[in-house]
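Student: pasting the sequence and the predicted coordinates here, then a few questions.
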Amino acid sequence: MLHNNNASFVLLDELKQSTLEDIYDKVVDLHDSQKISDDDYVKLNESLININKVFLKLEERNFTVRQATLADVDSLMEMIEYWAKQGQNLPRKRNDIVRGIQTFAVCVKDEQVVGCACLYVYDSGLAEIRSLGVSPVIQRQGQGRAIVNYLLKRAQKMFIKRVFVLTRSPEFFSKVGFQKTVIEALPEKILKDCENCPKRDKCDEVAYIYNMKD
């Protein structure tokens with residue numbers, strides 16, 4: 001059906017503008033009329049299924065990560081409140097989000113915010129990824145990893161050497177290059193948040209840190 005030509009191919013005229021469904025119907029007709037063997041029929045069907053899977057995967061991951069704007073505040077509030085109720089993140093006040101909007105990144109799909117996080121920079125130059133959350137409706141499609149990578153690149157441009165997180169999802173951060181550490185190694189975090197946290201004596205979060213490469 002496709003002709004090799006120096007690692008490229010030429011699509012037959014009869015297949016141009018055809019959908020996968022059209023091609024499948026043609027394959028069925030060829031098989032029914034015994035113009036192709038059972039073996040070729042199976043191979044062609046498998047190929048069409050694999051092509052469809054590839055395009056489905058691309059469709060699922062059709063999202064972008066960008067700098068948040070004030071137009072995203074309502075969506076950010078909704079996302080942060082949802083995960084705060086699940087006990088995964090700390091709640092944030094609306095005015096805090098507005099004042100810190102430049103620290104946020106959002107993941108957008110079909111013009112809808114489906115994920116967010118912010119990069120908080122301490123006076124010492126240490127940075128923390130906070131308020132990471134992905135829409136509960138659209139998960140496990142790479143949004144979280146994309147947001148974290150976006151913020152790590154932002155930190156690198158700011159010449160930040162270390163970025164840390166406190167998380168209840170250690171496996172995720174381990175997969176994206178963070179290494180386990182202890183909260184005692186992060187005195188900035190202890191002074192800012194931990195001393196006043198109601199869970200300070202029974203913290204269930206794990207500290208992970210990412211050391212920037214030179």
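Tutor: Now that the structure is in, tell me what you want to look at.

Student: roughly how far is stretch 142-154 from the heart of the chain?
Tutor: Between the centre of stretch 142-154 and the centre of its chain there are 7 Å (Cα atoms, centre = their mean, to the nearest Å).

Student: and stretch 127-136, by the same measure?
Tutor: With Cα atoms, centre = their mean, you get 11 Å for stretch 127-136.

Student: cool, stretch 168-181 as well?
Tutor: With Cα atoms, centre = their mean, you get 15 Å for stretch 168-181.

Student: and what of stretch 69-77?
Tutor: 18 Å.

Student: looking at the protein, which helix or strand is least sure?
Tutor: Lowest by mean pLDDT, DSSP states H and E among the helices and strands of the chain is strand 2-5, with a mean of 44.

Student: what's the residue most central in space within the chain sitting at in phi/psi?
Tutor: Note on the chain: the residue nearest the mean C-alpha position is residue 143, at 1.5 Å, using Cα atoms, centre = their mean. Reported as degrees, to the nearest 10, the phi and psi values for residue 143 are phi -60, psi -50.

Student: spit out the contact partners of it.
Tutor: Each residue near residue 143 by Cβ atoms under 8 Å, 6 or more residues apart in numbering is listed here: 63, 107, 109, 114, 115, 134, 135. No exception for glycine: its C-beta is placed from N, CA and C like everyone else's.

Student: count of neighbours near the last one?
Tutor: Other residues within reach of residue 135 by the criterion other Cβ atoms under 10 Å amount to 19.

Student: and the closest residue to it other than its chain neighbours, helix, strand or coil?
Tutor: Excluding the flanking residues, the one nearest residue 135 by Cβ to Cβ, 6 or more residues apart in numbering is residue 114, at 4.2 Å. Recorded secondary structure, residue 114: strand (DSSP: H, G, I helix; E, B strand; the rest coil).

Student: how far away is residue 21 from residue 28?
Tutor: 11 Å (Cβ to Cβ, to the nearest Å).

Student: more crowded one of the two?
Tutor: Neighbour totals were compared for residue 21 and residue 28, and residue 28 leads with 13 against 10 (other Cβ under 10 Å).

Student: per-residue confidence at that one?
Tutor: In this model, residue 28 is scored at 85, pLDDT.
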